[in-house]
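Engineer: 3D, please:
(2 chains)
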There are 2 protein chains.
Amino acid sequence: MSEWDEMKAVTILKYDESEPQLELREKEIPTPKENEVRIKIHLSPINPSDLMFIRGLYGFKKKAPVSAGFEASGIVDAVGSGIKTLKVGMSVSCVAPQNDGSWAEYMITTEDNCLPLVDGVTLDEGSSFFVNPMTAWAMVSRCQKEGHGAMIQTAAASALGKMVVRLCKEKGIPLINVVRKKEQEDNLLAIGAENILNSSSPNYQKDLYKISKKLNATYAIDAVAGETAQSLVECMPYGSKIVCYGALSEKPFAVNAGIMLFQNKKIEGFWLSSWIYEIGLEEFQKQAKEAQTYLKTVFQTKINKRFKFEDFKEGLEFYKQHMTEGKVVFGP
Amino acid sequence: MSEWDEMKAVTILKYDESEPQLELREKEIPTPKENEVRIKIHLSPINPSDLMFIRGLYGFKKKAPVSAGFEASGIVDAVGSGIKTLKVGMSVSCVAPQNDGSWAEYMITTEDNCLPLVDGVTLDEGSSFFVNPMTAWAMVSRCQKEGHGAMIQTAAASALGKMVVRLCKEKGIPLINVVRKKEQEDNLLAIGAENILNSSSPNYQKDLYKISKKLNATYAIDAVAGETAQSLVECMPYGSKIVCYGALSEKPFAVNAGIMLFQNKKIEGFWLSSWIYEIGLEEFQKQAKEAQTYLKTVFQTKINKRFKFEDFKEGLEFYKQHMTEGKVVFGP
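Structural biologist: Okay, here's the model as predicted:
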């Protein structure tokens, strides 16, 4: 093969909890097998789940060395003989399979892992469509389906948090937003969020108790864990459900069984992969198509900064310092 | 009123977490109002929930001074003018209302809180029918309805635990039994229990992981909390649900949000009062009638020792020392 057949990929060498072992590698552009497609990556974002994954703290590990990155947008560039719905040249939003990753110039994946972008959606807009919007979509849908009076979210100033703010407004679900810094409050106010609580305030638990009771907010989604999750379990009304979908604090939280039983409370986990499996691929694709119609509004994602794959270290560092200020993305 | 109109009642003077403030009081026998009945108590057991209640650690408090005790059997002795289904002379299993208790010679309660005993059921047998059998019944029914492969229970040698052993056998649900003492293992073996694990064994967590995976035990009921509950959350298979119905250790347990989300786990509380409210009184009475047909088999309760109300202090002390050896009951 000539030098033209090589690509750059941010590669996980091995999993290390304290210090991610990543390296930019030049490797051969892979050829899709029968049921695979090759995507020429346009943009691939950094998500909180990526930070956990590269340290080996995610729900599974891929066999290293392997390209990092979960999601991307790109152009279908080659298809295996068994591919039915995708054609070379199509724009897609896509996620990585078990043996490849999206922080690379090319990625091999399966048909199930690609959602064709509808007319009018740009590749920039489609680059962060899978992970955050579909997670927000699924959790808010559940809240609505179960008929809760109102919803609470922690880490409300995150990219996903802002989507939840807009989606709840769209669906008419009253929302309580928990942040931990003053500038995040301002940030949320600027997009029209209401009921903003600061978890670092001394009155936080009292305020949470009051407002959740007043709005009958019996459904919460939490991405922080630790004391933040514990406050939800303790301060929310009788019959509340707390959904854990992240652990930004990387801390466990203490649960009082008495509160669980006398107050009829529930704690459960949410993970997009489990949800897709539960509802089935067909239903997922149907919902994803509906969600995509909100890409320019509810699910608009501000791209804060772009980095080349070569500069991945700088990109990761920048992301960690500016997690709630818009997406940080990799591109060729 | 003459001295004949006085009764003895074990009375909570005030709630004190460290040292229950109880006193035997002589008081006037109450007269039922329109929608109330008076029960001449035959026997009233001590349950773990009573120990929590008299210390003020239960889900609610009654206005003190008030008679202690949650459940009993007895004879309907007087009825208000609005009572429809109960008649003087009927034998009932009953629970206390918000303003009275069962550790007394007489108790005022409502029609909803009484279940007439069917022919052939003795007052001794009916004295512990509400709390333990119906809690066991409800939790096992849920396990079956949700289609779990097998069930796990902690505190398996308790009165309720033994009922669960027999009920799961009756319903064909494979059961894993967790105890913490060698003699409790023997105790369970004697009633035909299988899959017994000792939580004080050094291999406990490993064994729990293995056997729950092998039997696909994705539903657990826990009465202990603390480390015991934590082990369930950590060692049970993907998709498991842990139901908290007690907190014998009086300790909270730590939950790792990553385990909740990546392993799609759920923790929820179970409290008989919430369950009755959820399913509605009519459905509850229907199920209670069905459950009553198992009173001589599945729900047989060994009465270990009887105490007079006068000797309540001795009775409580004896119960705390012999919690898993049969019911300790109060009677006139």
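
Engineer: regarding A:Q144, what is its secondary structure?
Structural biologist: helix (DSSP: H, G, I helix; E, B strand; the rest coil).

Engineer: can you give me the neighbour number for A:K84?
Structural biologist: 8 (other C-beta atoms under 10 Å in any protein chain shown). For every residue, glycine as well, the C-beta is placed using N, CA and C.

Engineer: A:L160 too?
Structural biologist: 26.

Engineer: for chain B, what's the nearest residue on the stretch 1-150 of chain A?
Structural biologist: Proximity of the stretch 1-150 of chain A to chain B (C-beta to the nearest C-beta) peaks at A:G59, 3.0 Å away.

Engineer: which residue packs closest to that residue, ignoring adjacent ones?
Structural biologist: Leaving aside its chain neighbours, A:G59 sits nearest to B:F262 (3.0 Å; criterion: C-beta to C-beta, 6 or more residues apart in numbering or on different chains).

Engineer: now for the one you found: which residues touch it?
Structural biologist: A:Y58, A:G59, A:F60, A:G269, A:W271 (C-beta atoms under 8 Å, 6 or more residues apart in numbering or on different chains).

Engineer: mind giving me the PyMOL select for these, buried ones only?
Structural biologist: In PyMOL, this line selects whichever of those come out buried by 16 or more other C-beta atoms under 10 Å in any protein chain shown:
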select buried, chain A and resi 58+59+269+271
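
Engineer: in strands, which of the contacts of B:F262 appear?
Structural biologist: Residues of the contacts of B:F262 located in strands (DSSP state E): A:G269.

Engineer: that older thread, give me the pLDDT for the residue of the stretch 1-150 of chain A closest to chain B.
Structural biologist: pLDDT for A:G59: 81.

Engineer: please apply the same query to A:Q285.
Structural biologist: pLDDT recorded at A:Q285 is 84.

Engineer: that one is in what secondary structure piece?
Structural biologist: helix A:281-292 (DSSP states H and E).

Engineer: using CSV, list the CA coordinates for that helix.
Structural biologist: Taking Å, rounded to 0.1, in the frame of the first residue of the first chain, the C-alpha atoms of helix A:281-292 are listed here in CSV:
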residue,chain,number,x,y,z
LEU,A,281,-33.4,-1.4,17.1
GLU,A,282,-36.4,-0.6,15.1
GLU,A,283,-38.1,1.5,17.8
PHE,A,284,-34.7,3.2,18.5
GLN,A,285,-34.4,4.2,14.9
LYS,A,286,-37.9,5.5,14.8
GLN,A,287,-37.3,7.6,17.9
ALA,A,288,-33.9,8.8,16.6
LYS,A,289,-35.6,10.0,13.5
GLU,A,290,-38.1,12.0,15.5
ALA,A,291,-35.4,13.3,17.7
GLN,A,292,-33.4,14.4,14.7
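
Engineer: ok, how many other residues are close to A:R166?
Structural biologist: 19.

Engineer: what segments of the stretch 1-150 of chain A are strands?
Structural biologist: Remark: strands assigned in the stretch 1-150 of chain A by DSSP state E, counting those that start in this stretch are A:6-14, A:21-28, A:36-45, A:66-67, A:71-79, A:91-95, A:106-110, A:114-116, A:150-153.

Engineer: in its sheet, which strands sit next to the third one, and in what direction?
Structural biologist: Counting by DSSP bridges, the strands paired with strand A:36-45 are strand A:71-79 (antiparallel), strand A:106-110 (antiparallel), strand A:327-331 (antiparallel).

Engineer: turn those into JSON lines, including mean pLDDT.
Structural biologist: Output for these, formatted as JSON lines (pLDDT from 0 to 100):
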{"stretch": "strand A:71-79", "mean pLDDT": "97"}
{"stretch": "strand A:106-110", "mean pLDDT": "96"}
{"stretch": "strand A:327-331", "mean pLDDT": "94"}
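
Engineer: so which of those strands gets nearest B:C143?
Structural biologist: Of all the strands paired with strand A:36-45, it is strand A:106-110 that lies closest to B:C143, at 36.3 Å by C-beta to C-beta.

Engineer: name the residues that touch the closest one?
Structural biologist: Taking contacts as C-beta under 8 Å, 6+ apart, the residues outside strand A:106-110 that touch it are A:7, A:29-30, A:32, A:35-41, A:67, A:69, A:72, A:74, A:77, A:94-97, A:99-101.

Engineer: buried residues in stretch A:225-243?
Structural biologist: By 16+ other C-beta under 10 Å, the buried positions in stretch A:225-243 come out as A:225-226, A:228-237, A:239-243.

Engineer: so which of these reach chain B?
Structural biologist: A:A225, A:A229 (C-beta under 8 Å from any C-beta of the partner chain).

Engineer: list the residues that contact A:S249.
Structural biologist: A:V224, A:A225, A:G226, A:E227, A:T228.

Engineer: not counting sequence-adjacent ones, nearest residue to it?
Structural biologist: Closest to A:S249 by C-beta to C-beta, 6+ apart is A:G226, at 3.7 Å.

Engineer: what does A:Y209 give?
Structural biologist: With C-beta to C-beta, 6+ apart as the criterion, A:Y209 has its nearest non-adjacent residue at 4.3 Å, and that residue is A:C235.

Engineer: next one: phi and psi at that neighbour?
Structural biologist: phi -100, psi -10 (degrees, to the nearest 10).
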